[in-house]
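*Asks:* Show me the folded form of this:
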Amino acid sequence: MRESEFFKGIAHAEVPWGERSIHVPVFYYDVMSISAAFQAPIDAIRAWMPSRRMHPLRVTPRKGLIQVSCYAYRDCDIGPYNELAIAVPFYLDRPSPPFVGTLNKGPTVPKVYFCHLPVTTEIARAAGVEFAGYPKFVADITFEEQEEWITCRLALEGDPILSLGCRSAPTSPVGRGRADLYNVQGDRMLRSESVSSPHEQFSSRDPADVRLELTGDHPIARELRQAGITRTLGCQYVPHQQMILSNVLESLAV
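*Replies:* This next block holds a predicted model:
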């Protein structure tokens, strides 16, 4: 999969980093993922945002969106690792219209703020924190496939935090995806970009195809409980895809 057309023609520079080197942008050659979107009160979500310039996407006049995504990076430039992302899509410098995704079309290139981003290897944590200010920490993230379900579990030092399950039904083709990724370092918002290859995915709006369990007393589990998730809006399962993660492309005042 490293010979894919997806990566051809893109400058892939090796740059020194401490006692080793790292390639920029980072190429992810084989990725499996599950993700789900949940509706929650907009005021609770807004409290997570580090800047007044960030306006959470509104799926109703008073409800926003929380995304939980789990990734198994089976082959990439910094070695295999797993990751779990808790993120909020938002508009920059302007309020979101209501009913995004139903009456109003969402942005072509979504903007996403990462609230939490645990990973399973130290190099993934250190590179993410130092290069882009990602809120990464090392944790236990495991995947289990059973019958028609794929479940990801997040724990820290043996204590469970949450699990996300998604039904692994037959997939359909989708095109390339693109997103602007925002994080905060000091008094600056840092923007990176991710691009995903055309791939196959299962997508569903049926709440019966998602299982989210907040299984511990870790601050992340408490934060999600306090957010007051009211309903599941949909889920996705991607058995194979490829991704490119840029370095920081833009710095903005918080």
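
*Asks:* residue ranges of the helices in the stretch 151-254 of the chain, please?
*Replies:* Per DSSP state H, counting those that start in this stretch, the stretch 151-254 of the chain carries helices over the ranges 219-227.

*Asks:* Can you list the low-confidence ranges for it?
*Replies:* Along the stretch 151-254 of the chain, segments meeting pLDDT under 70 are nowhere present.

*Asks:* buried residues in stretch 185-204?
*Replies:* For stretch 185-204, burial by neighbour count (16 or more other C-beta atoms under 10 Å) applies to 188-197, 199, 201-202, 204. C-beta coordinates here come from the backbone N, C-alpha and C atoms, glycine included.

*Asks:* now swap in stretch 143-159 and tell me
*Replies:* Residues 149-155 are the ones in stretch 143-159 that count as buried (16+ other C-beta under 10 Å).

*Asks:* Would you work out how far apart the start and end of it are?
*Replies:* 16 Å (C-alpha to C-alpha, to the nearest Å).

*Asks:* still on that earlier bit, from the buried residues of stretch 185-204, which is closest to Glu145?
*Replies:* The closest of those to Glu145 turns out to be Phe202 (C-beta to C-beta; 13.4 Å).

*Asks:* right, and Thr120 touches Ala139 too?
*Replies:* Yes: contact criterion C-beta atoms under 8 Å: Thr120 and Ala139 qualify, at 7.0 Å.

*Asks:* higher neighbour count, these two?
*Replies:* Neighbour totals were compared for Thr120 and Ala139, and Ala139 leads with 22 against 18 (other C-beta atoms under 10 Å).

*Asks:* so who does the closest residue to that one other than its chain neighbours touch?
*Replies:* Distance criterion C-beta to C-beta, 6 or more residues apart in numbering; nearest residue to Ala139, sequence neighbours excluded, is Pro118 at 3.9 Å. Contacts for Pro118 (C-beta atoms under 8 Å, 6 or more residues apart in numbering) come out as 83-84, 136-139, 141, 154, 156.

*Asks:* Please list the members of those residues that lie in strands.
*Replies:* Among the contacts of Pro118, the members falling in strands are 83-84, 141, 154, 156 (criterion: DSSP state E).

*Asks:* which two in the residues you listed are spaced the farthest apart?
*Replies:* Spatially, the most separated pair among the ones in strands among the contacts of Pro118 is Glu83 and Leu156, at 14.3 Å (C-beta to C-beta).

*Asks:* picking that back up, closest to Arg53 out of the contacts of Pro118?
*Replies:* For the contacts of Pro118, the nearest to Arg53 is Lys136 (23.0 Å; C-beta to C-beta).

*Asks:* any idea of the pLDDT on the closest one?
*Replies:* Lys136 is assigned a predicted lDDT (pLDDT) of 97.

*Asks:* Low-confidence regions, the stretch 1-150 of the chain specifically.
*Replies:* In the predicted model of the stretch 1-150 of the chain, residues 1 satisfy pLDDT under 70.
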